[in-house]
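Participant: requesting a structural model of the entry that follows:
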Amino acid sequence: MQRQSNVAERLPRGMSRSGPVLFSYGFRPFFLASAIWAMLSIALWVGYLSHGLPVADSYGSLYWHAHEMLYGFAPAVLAGFLLTAIPNWTGRLPISGRPLMLLFGVWVVGRVALLFSGTIGISAAAGLDSLFLPLMLALCTREVVAGRKWKDLKVIAGLAVLTVANICFHVQVVSGQNPEIPIRLGLGAYTLLITIVGGRILPSFTRNWINQFGRTDFPVPYNRFDGVAIVIGALVLACWAIWPESIVTGIGGVLAALVNAVRLIRWRGWTTWREPILFVLHIAYAFVPISFAFVALGTVGLSQIAVLHVLAIGTVSLMMLAVMTRASRGHTGRKLNASRTTVASYVILAAAAIIRPMAEMMPDHSGTILEVAACAWIIAFGTFVFEYSPFLCRERKPLAKNGG
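Facilitator: The predicted structure is shown next:
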């Protein structure tokens, strides 16, 4: 342990000076690849819808699309975040170099396997894809336990739910069933993780930003109310996953929407409007109460597809893009200021979150709406790739003057 401590002191976190820059820290390959895959997978999906392009026919193009959003794109973002955040939580060295290459390779193999499931077989493709999340779960659990950060086991529990849900998704598809419960369970797990981690980072980041101006109108710190809000949200999401049209789910959705709206107000996000890279975190979290309201509306006739996409694009993907841009800038030694290009990506993705559910509400125009929403999605993540890939791939974080 002493040797590892000495190494950690000599090697500033995120500043490995040897080996490929791309694999010097977890956020680099996973954030970049997730954005690229977000673009390519949706482009393929639009090609299937508009021109009949064959996409994972053996697995089922619709199921492939749902899977690659929930268990392809999103886990890569989550991996990039956790492999960067957990070392900060635990004080242990981050995973980098060859182990990171191996983990990233497992993720890539899963994407290729499912896309070519007709060639290698559905069961083989499902098996290869199912390797990544258990591996991530094992690595993250090891780090949290070794660092004795027991409160962070809540995050590990969310990752465990995703791992199980992904396997259940494959089992149901292979057996010819509709994986609707694993889809809702996966979205619920991401939303729950956002309520947990968001409750940690949003008040903290907001307090730090306000404090630099000498003001004292700080967000309300984490307290029992936040814990209650998380528990209520978890129960409602569990009910929604299993009984999406139950009256209990509807009542719970209203309650969860209210408590999360109050929680958001307590964080005083409107005070940060002049700093888009922080303000967008609050906007993304605003989709949490909105999503719970849509969950409630789904029990009284609103299409569940619309509910799914409010959660998937508004709550999950917008928060992921916000975290990707902030972490990418912060961990490559840049100022935490969003460029106009970055702000544009936020606005475009938020627009996609609003536009996409309308396809179910306006069926006569669904084709056009789907194409517009897809284009907005591709542009938003394409913008991230365009702006952030140079310093994710090539530029190391500069050493401090006293860094040796």
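
Participant: please name the nearest non-neighbouring residue to the most centrally placed residue in the chain.
Facilitator: Central residue check for the chain by CA atoms, centre = their mean: the C-alpha nearest the mean position is that of residue 320, 4.2 Å away. Excluding its sequence neighbours, the residue lying closest to residue 320 (CB to CB, 6 or more residues apart in numbering) is residue 77, at 4.4 Å. Every C-beta, even on glycine, is put in place using the N, C-alpha and C of the backbone.

Participant: now do the helix or strand that that neighbour is a member of, average pLDDT.
Facilitator: In this structure, residue 77 sits in helix 74-90 according to DSSP states H and E. Averaging pLDDT along helix 74-90 yields 94.

Participant: re the thing from before, next structured bit after the one helix or strand the residue nearest to the centre of the chain maps to?
Facilitator: Following DSSP H and E, one finds residue 320 within helix 318-330. Later in the chain than helix 318-330, the nearest helix or strand by DSSP H and E is helix 340-355.

Participant: contact partners for residue 356?
Facilitator: Residue 356 is in contact with 309, 313, 369, 370, 373, counting by CB atoms under 8 Å, 6 or more residues apart in numbering.

Participant: contacting residues for the residue nearest to the second one when sequence neighbours are not counted?
Facilitator: Same thing as residue 313. Closest residue to residue 313 apart from its sequence neighbours, by CB to CB, 6+ apart: residue 353 at 4.0 Å. Each residue near residue 353 by CB under 8 Å, 6+ apart is listed here: 287, 309, 310, 313, 314, 317, 318.

Participant: wait, the fourth one touches residue 348, no?
Facilitator: When you say that, I think you mean residue 313. No. Applying CB atoms under 8 Å, one finds residue 313 not in contact with residue 348, separated by 11.2 Å.

Participant: between those two, who's got more neighbours?
Facilitator: Taking other CB atoms under 10 Å, residue 313 and residue 348 do not tie; residue 313 has more neighbours (25 against 19).

Participant: pLDDT wise, what is the more buried one at?
Facilitator: 98.

Participant: try the one 3 residues further on
Facilitator: The predicted local distance difference test score for residue 316 is 97.

Participant: near it, how many other residues are there?
Facilitator: 29.

Participant: okay, it and residue 193: tell me how far apart.
Facilitator: 9 Å (CB to CB, to the nearest Å).

Participant: with residue 181 instead?
Facilitator: In terms of CB to CB, residue 181 sits 19 Å off from residue 193.

Participant: which of these two has more neighbours?
Facilitator: A direct count of neighbours by other CB under 10 Å for residue 181 and residue 193 places residue 193 higher, at 22 against 16.

Participant: that one is in contact with residue 156, isn't it?
Facilitator: No. At 10.3 Å, residue 193 does not count as touching residue 156 under the criterion of CB under 8 Å.

Participant: this structure - how does it break down into domains?
Facilitator: Following automatic domain parsing, the chain resolves into domains at 1-178, 180-396.

Participant: re earlier: ok, and for the helix holding residue 77, which residues are buried?
Facilitator: For helix 74-90, a neighbour-count test (16 or more other CB atoms under 10 Å) marks 74-87, 89-90 as buried.

Participant: equivalent analysis for stretch 251-270, please.
Facilitator: In stretch 251-270, counting by 16+ other CB under 10 Å, buried: 252-257, 259-261, 263-264, 266-269.

Participant: now for the helix ranked longest in the chain, which elements pack on it?
Facilitator: Ranked by residue count, the top helix of the chain under DSSP state H comes out as helix 180-211. With contacts defined as 3 or more CB pairs under 8 Å, 6 or more residues apart in numbering; DSSP states H and E, helix 180-211 has these neighbours: helix 74-90, helix 153-174, helix 224-242, helix 247-266, helix 276-297, helix 304-309.

Participant: how about 10 Å then?
Facilitator: Packing partners of helix 180-211 (3 or more CB pairs under 10 Å, 6 or more residues apart in numbering; DSSP states H and E): helix 61-68, helix 74-90, helix 153-174, helix 224-242, helix 247-266, helix 276-297, helix 304-309, helix 318-330.

Participant: quick one, that helix and helix 247-266 angle?
Facilitator: On the basis of axes from the mean of the first three to the mean of the last three CA atoms, to 10 degrees, helix 180-211 is oriented at 20 degrees to helix 247-266.

Participant: does residue 376 touch residue 317 like I think?
Facilitator: No. Residue 376 lies out of contact with residue 317 (CB atoms under 10 Å); the separation is 11.2 Å.

Participant: shared neighbours of those two, anything?
Facilitator: 349, 350, 352, 353 (CB atoms under 10 Å, 6 or more residues apart in numbering).

Participant: looking at those residues, which is nearest residue 299?
Facilitator: For those, the residue nearest residue 299 by CB to CB is residue 353; the value is 21.0 Å.

Participant: quick check: that closest one vs residue 55, distance?
Facilitator: Distance from residue 353 to residue 55, by CB to CB: 23 Å.

Participant: pretty sure residue 117 sits against residue 111.
Facilitator: No. Using CB under 10 Å, residue 117 makes no contact with residue 111, being 11.2 Å away.

Participant: of those two, who's got more company?
Facilitator: Applying other CB under 10 Å to residue 117 and residue 111 shows that residue 117 carries more neighbours, namely 23 against 20.

Participant: ok, now which ones touch that one?
Facilitator: Going by CB under 10 Å, 6+ apart, the list of residues near residue 117 reads 56-60, 64, 123-126, 128-129, 173.
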